[in-house]
Each structure stands twice: as structure tokens, then as C-alpha cells.
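Participant: quick check, what structure comes out for this input:
(2 chains)
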Amino acid sequence: DTEVTQTPKHLVMGMTNKKSLKCEQHMGHRAMYWYKQKAKKPPELMFVYSYEKLSINESVPSRFSPECPNSSLLNLHLHALQPEDSALYLCASSQVLGRQRDQPQHFGDGTRLSIL
Amino acid sequence: AQSVSQHNHHVILSEAASLELGCNYSYGGTVNLFWYVQYPGQHLQLLLKYFSGDPLVKGIKGFEAEFIKSKFSFNLRKPSVQWSDTAEYFCAVTSSNTGKLIFGQGTTLQVKP
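Facilitator: Model (predicted):
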């Protein structure tokens, strides 16, 4: 079992809906990440938070809005998504951003998102 | 810009066969190298990592990888695969500066019983 918990596991939403994905870790990690993964493709980095502050935004459309309310939680707010946004959304965490020595990223199981 | 290239997109092996998956990266500075595995319907799991020291790295489940700096390669090996090794394998690299994890395109390994 992974130590990074993501909810919900599956989400189906219409293009006008507003929903949120949630991610939680209790490993004391201070860096948290959102990735998007299409079938048979590698994960693509979307956002990185370091010490609850947005550190990296990989030019993600504004219909995706991340939030880090505290060091254990990471949310991804969704609004007016497009069908091409259907994918597996992965959350990951690591001890500290930029210092990968002995600090690999730990991934959650993901939320499988379908946009109708 | 950093990039990772995995040569084999789809590999089919019989049980007990030996495995080698190729991975090459492009980056001139200090890199950290990883192999992740994603079993069907499961999360990405770390198989092994290289930061420095002995270029032959041993990971979980009998996997190992060899870092060859002159070839910018980090190939994954296993002497004898099992049906349970059927999964998607991703090579990844981070720079020591940004910590961003850059993945290769992945290799689908199918092991026939």
C-alpha cells in the first residue's frame, strides 16, 4: 500500500462541473506534486509545492487550480474541464524539493478522471 | 533541457528469461537516476535509485541497474523474470538543481507464463 492517499479513486464529471481531487500524506514530507498521466504514457508534472508554497507550475491551464492548505494536504480544484483532460491524476510527495538524495518521490494510486 | 529515452517500448519475454531495459538520458550536470515500476492498476513504485558511488545498483525484487556515465545510460536488468513482473517500467532523472523528475516514455513488459 502507498503512504500517499488520494481521493476519490474515480471521478466522472461534466464540462461545467466543479470538483476537487484530494491528496494526503503523513510522512512529514514538505514537497508535494501533481502529475497527469495518460494511458501508456509517463506522468507529466503539473505543479510542485514546497513548504506549502507553489514552487513550479508547468504552464498548466487555469481550469486546474492547486491548493496546499497544510503540509499534509494537497488539493487540485477542477472547473470547466475539457474531454482531453480525462486522465489519471497522480499525487506524489518527497522530503524536500530539490534534494533528491535518498528522497525519492512517493506516489499515490491516483484519481482516474473522466470528463463527459 | 533534460530528457530520458527508453529504447524498448514493448518487451515480451517468457518466464525465466533475462531482462535488460535500456535507458539513456541527456544532461551534462549531476543527475540522480531512478527506475519506477507501475503494475496494472497500481501506483508507481520505486525499484531502485542511483545518486553516487557504486555504479551497479541493486533494487527490490531482484532488479539491478548499471550507471555508465560515459554512455549516459542507466539500464535495468533482471537475470530471470517472473510472470508477476508484467508491468510498465519508467526510467527517470532529476537534476540536483531543480529536483524535477523527468520520465522516459516507459516500457511495457509482458511476461508469458
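
Participant: and residue B:57, how far is that from chain A?
Facilitator: For residue B:57, the distance to chain A (Cβ to the nearest Cβ, to the nearest Å) stands at 13 Å. For glycine as for every other residue, the C-beta is placed from the backbone atoms N, C-alpha and C.

Participant: meant to ask about residue B:33
Facilitator: Counting by Cβ to the nearest Cβ, the gap between residue B:33 and chain A amounts to 10 Å.

Participant: surely residue B:67 and residue B:57 touch.
Facilitator: Yes - using Cβ atoms under 8 Å, residue B:67 is in contact with residue B:57, at 7.0 Å.

Participant: mutual contacts of those two, please.
Facilitator: Common neighbours of residue B:67 and residue B:57, using Cβ atoms under 8 Å, 6 or more residues apart in numbering or on different chains, are residue B:50.

Participant: for residue B:87, give me its contacts.
Facilitator: Going by Cβ under 8 Å, 6+ apart, the list of residues near residue B:87 reads B:37-40, B:109.

Participant: excluding chain neighbours, what is closest to residue A:63?
Facilitator: In this structure, residue A:63 finds its nearest non-sequential neighbour in residue A:80, 5.0 Å apart by Cβ to Cβ, 6 or more residues apart in numbering or on different chains.

Participant: now that neighbour: how far from chain B?
Facilitator: 28 Å.

Participant: so how many other residues sit close to that residue?
Facilitator: Applying other Cβ atoms under 10 Å in any protein chain shown, we find 14 residues neighbouring residue A:80.

Participant: got a list of what it touches?
Facilitator: Contacts of residue A:80 (Cβ under 8 Å, 6+ apart): A:15-16, A:63.

Participant: hmm, back to that, any chance of the contacts of residue B:87 in CSV, with secondary structure too?
Facilitator: Output for the contacts of residue B:87, formatted as CSV (DSSP: H, G, I helix; E, B strand; the rest coil):
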residue, secondary structure
B:37, strand
B:38, strand
B:39, coil
B:40, coil
B:109, strand
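
Participant: skip the chain neighbours and tell me the closest residue to residue 78.
Facilitator: No chain was given, so I picked chain A. residue A:19 (5.0 Å).

Participant: correction: the question concerned chain B.
Facilitator: Per Cβ to Cβ, 6+ apart, closest to residue B:78 is residue B:19, 4.4 Å.

Participant: wait, that neighbour touches residue B:13, no?
Facilitator: Yes - at 6.3 Å, residue B:19 counts as touching residue B:13 under the criterion of Cβ under 8 Å.

Participant: returning to what we had before: so the residue nearest to residue A:78 makes contact with residue A:76?
Facilitator: No - counting by Cβ under 8 Å, residue A:19 stays clear of residue A:76, with 9.3 Å between them.

Participant: show me which of those two is the more surrounded one.
Facilitator: residue A:76 (23 against 16).

Participant: do you have the strands of chain B handy? List them.
Facilitator: With DSSP state E, the ranges of strands along chain B come out as B:3-6, B:10-14, B:19-21, B:23-26, B:31-38, B:44-50, B:56-58, B:64-68, B:73-78, B:87-95, B:101-103, B:107-112.

Participant: that older thread, shared neighbours, residue B:19 and residue B:13?
Facilitator: B:81, B:109.
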